[in-house]
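K.L.:
Dropping a prediction and its sequence here:
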Amino acid sequence: MTAEEERNVEILREGYRLWHESRAESSDYWMKLMADDVHWRSLGGGAAGSEFTRECSGKPLVQKYFEEMGSQWEMLGYDANEFIAQGDRVVMLGACRWRHRKTGKVVDSPKADVLRMRDGKLVDFMEFYDTAQAIAATT
C-alpha cells in the first residue's frame, strides 16, 4: 500500500470507529472529513420509507441524510472489519445492525462502502447493504 493509501485508510478507520462508538449520535467527524462538493449515494436510492437515502451532493444535504437517518433508525452496532485501498479509493467491508424507531424491527446486514478521497477529504461515497431487509423493517 502506498503512503497515501495508508493515510486514507487510517482517516476512514477512525471515522468508522467513532461512528460505532457514538452509535450514530454524532456525524461530526464525517462532516469535517467531507469536501464541500461531496457526492453521496446509497443503494436504497430514496426508496419509500427510506427517502433519506436519495442521492445528494454537498455537505448540507449529507448532513440532512444523517439527521433523517438518526430520526428513523437507532444504531445497535457497526463493524468496519476490512479496508481495501487502491489509489484514491477505499472499500470498507463490514456489517451493521439498526432498529427502526417506529416499528421496532431490527436489520442486521452486511455492509460495503466505496469511498473516494482527495487530499485527505471524502469526495465520493456509495453504500451497499440489504435494502430489502431495511425496507421491510419500515412497515
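P.N.:
All right, it came through fine.

K.L.:
Adjacent strands (with direction) for the host helix or strand of residue 126?
P.N.:
Using DSSP states H and E, the element containing residue 126 is strand 121-129. Here strand 121-129 is paired, per DSSP bridges, with strand 34-42 (parallel), strand 106-118 (antiparallel).

K.L.:
What mean pLDDT does the helix or strand following the first one get?
P.N.:
Looking back up the chat, that one is strand 34-42. Using DSSP H and E, the helix or strand that follows strand 34-42 towards the C-terminus is strand 56-57. Regarding strand 56-57, the rounded mean pLDDT is 96.

K.L.:
Strand 56-57 pairs with which strands, parallel or anti?
P.N.:
strand 34-42 (antiparallel).

K.L.:
re the thing from before, please tabulate the strands paired with strand 121-129 in a markdown table, including the columns mean neighbour count and mean pLDDT.
P.N.:
Any C-beta I mention is one placed from the backbone N, CA and C, and that applies to glycine too. Formatted as a markdown table, the strands paired with strand 121-129 follow (neighbours: other C-beta atoms under 10 Å; pLDDT from 0 to 100):
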| stretch | mean neighbour count | mean pLDDT |
| --- | --- | --- |
| strand 34-42 | 18 | 97 |
| strand 106-118 | 17 | 98 |
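
K.L.:
And the ones you listed: which comes nearest residue 74?
P.N.:
strand 106-118 (9.4 Å; C-beta to C-beta).
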